[in-house]
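1. No letters, just coordinates:
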């Protein structure tokens, strides 16, 4: 009996020695797990940044391991610590992998940071039956560029709203409102803004500068300015407002300038409605007839009141003297009138004379001495100096042929 017990004990000892040797050999073959680390800046503003850490650990061993003392230390380039992240560890089964994640905010205290140095530290340990222990450290350094994130910053959202307000002697007055929206989590400082105004052919007709302002995160500001563009802008159908400027931002001690650009168009309104609006334009055509030896003499005047805020130039003015019989009109004579300039809210009066020889009058009358009406017709264009935009006029004054000698008649 004792002999059998002895044999069993010897066999157990040998078995334990064999198993122990196998385990020792296996533990000696214990390798560091494959570790992949990804550290991203998912948000950043003037005061803090949000760091996301993703660690994937693959256990290539034939036994379970545990991860302990898991932390990420983030330093500036000059090794000043700005934050520390503690990540819950855990077990990883044999020939398996596990992902550990964390998201933390770090306060920025005027640090000048372009790159974060992130030190990932952990301990991988093995514990068999409380008898055999082995620990392997994990130490990985990951660099995260803040500058790359900042370089991806885009300009604020910009809307331009412009309209013409009035015309003066100096040009066309306009007002511009610029709506600037900051969709980011940091403040923008908008520097001076330049707006250039061009016609369709790229001709510059004016420009203005607007003083910028600070735009807080997630806020909108409106910048307003007035300006004047040249009269030849009226020759265009559309004006283009081209905005350029610089928006500065400071993030994590880094100063970044973002170029801002925006375009907007403005349709030129109908010149007649825009210039005169609801103000009446007053015309008078005083006429004086005289019978002279050479024929019928008509002294004709043209008086016009300018209700606008700028001078008008009258050109190509033609005065015609006609007789009107039933539905037929016959031109008895014509005369060009002088070019004239009418100052704002002023009037001008031009004069001319048309004399119709009696022979010509009788010939054109075709036997009918007295017409239904004598008609004085004035045609021409009034425009703003320096532009091709013109307001055409065509005025008729009807005179009763029974009363015309040495009398003045106004339309």
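-> Cool, the structure landed. None of these values were measured; they are calculated from a predicted model. Residues are numbered from 1 along each chain as shown.

2. can you give me the helices in this protein?
-> Here the chain has its helices, by DSSP state H, at 2-28, 146-151, 271-276, 358-365.

3. Pull out the buried positions in the second one.
-> The reference is to helix 146-151. Judged by neighbour count using 16 or more other CB atoms under 10 Å, the buried positions of helix 146-151 are 146, 149-150. Yep, even glycine has a C-beta here, placed from its N, CA and C like the rest.

4. Tell me, domain by domain, which residues of the chain belong where.
-> 32-146, 157-269, 279-409 (automatic domain parsing).

5. Who are the contact partners of the closest residue to residue 349 other than its chain neighbours?
-> Nearest residue to residue 349, sequence neighbours excluded (CB to CB, 6 or more residues apart in numbering): residue 303, at 4.4 Å. With contacts defined as CB atoms under 8 Å, 6 or more residues apart in numbering, the neighbours of residue 303 are 283-286, 347-350.

6. For residue 303, name its beta-bridge partners.
-> In this entry, residue 303 is beta-bridged to residue 284, residue 349, by DSSP bridges.

7. Check the gap between the nearest residue to residue 263 once chain neighbours are set aside and residue 379 for me.
-> Take residue 263 and drop its neighbours on the chain: the residue closest to it by CB to CB, 6+ apart is residue 242, 5.6 Å away. In this view, residue 242 and residue 379 are 41 Å apart by CB to CB, to the nearest Å.

8. Quick check, central residue of the chain?
-> residue 262 (2.9 Å; CA atoms, centre = their mean).

9. Provide a list of residues in contact with that one.
-> 158-160, 178, 242-243.

10. Mind checking which of those residues land in strands?
-> Among the contacts of residue 262, DSSP state E puts 158-160, 178, 242-243 in strands.

11. got the contact list for residue 138?
-> Shown in contact with residue 138 (CB under 8 Å, 6+ apart): 32-33, 35, 120-124.

12. Farthest-apart pair in these, please.
-> 33 and 121 (14.4 Å; CB to CB).

13. With neighbour numbers in mind, choose between those two.
-> residue 33 (21 against 14; other CB atoms under 10 Å).

14. The more buried one against residue 95, yeah?
-> No. Counting by CB atoms under 8 Å, residue 33 does not reach residue 95; the two are 10.5 Å apart.

15. In the protein, what helix or strand scores lowest on average pLDDT?
-> Counting by mean pLDDT, DSSP states H and E, the weakest-scoring helix or strand in the chain turns out to be strand 408-409, with a mean of 44.

16. So which residues of the stretch 201-350 of the chain form strands?
-> 204-210, 214-215, 220-229, 238-251, 254-267, 283-284, 287-292, 295-305, 312-325, 328-336, 340-342, 347-356 (DSSP state E, counting those that start in this stretch).

17. Switch these over to CSV, and while doing so, append distance to residue 138 to every line.
-> Output for the strands of the stretch 201-350 of the chain, formatted as CSV (distance: least, CB to CB, whole Å):
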stretch, distance to residue 138
strand 204-210, 56
strand 214-215, 44
strand 220-229, 48
strand 238-251, 31
strand 254-267, 31
strand 283-284, 96
strand 287-292, 109
strand 295-305, 93
strand 312-325, 87
strand 328-336, 100
strand 340-342, 90
strand 347-356, 95
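
18. what about those strands, which gets the closest to residue 52?
-> The nearest among these, by CB to CB, is strand 238-251 at 17.3 Å.

19. partner strands of that closest one, parallel or antiparallel?
-> strand 188-190 (antiparallel), strand 193-198 (antiparallel), strand 254-267 (antiparallel).

20. got the angle for the longest one vs strand 220-229?
-> Okay, so that is strand 254-267. 50 degrees (axes from the mean of the first three to the mean of the last three CA atoms, to 10 degrees).

21. which of the residues in strand 254-267 are buried?
-> Result for strand 254-267 [16+ other CB under 10 Å]: buried residues 254, 258, 260, 262, 264, 266.

22. In TSV: those, plus distance to residue 331.
-> Shown next, in TSV, are these (distance: CB to CB, whole Å):
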residue	distance to residue 331
254	81
258	69
260	63
262	57
264	51
266	44
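
23. and of these, the nearest to residue 206?
-> Nearest member of the buried residues of strand 254-267 to residue 206, counting by CB to CB, is residue 266, at 11.6 Å.
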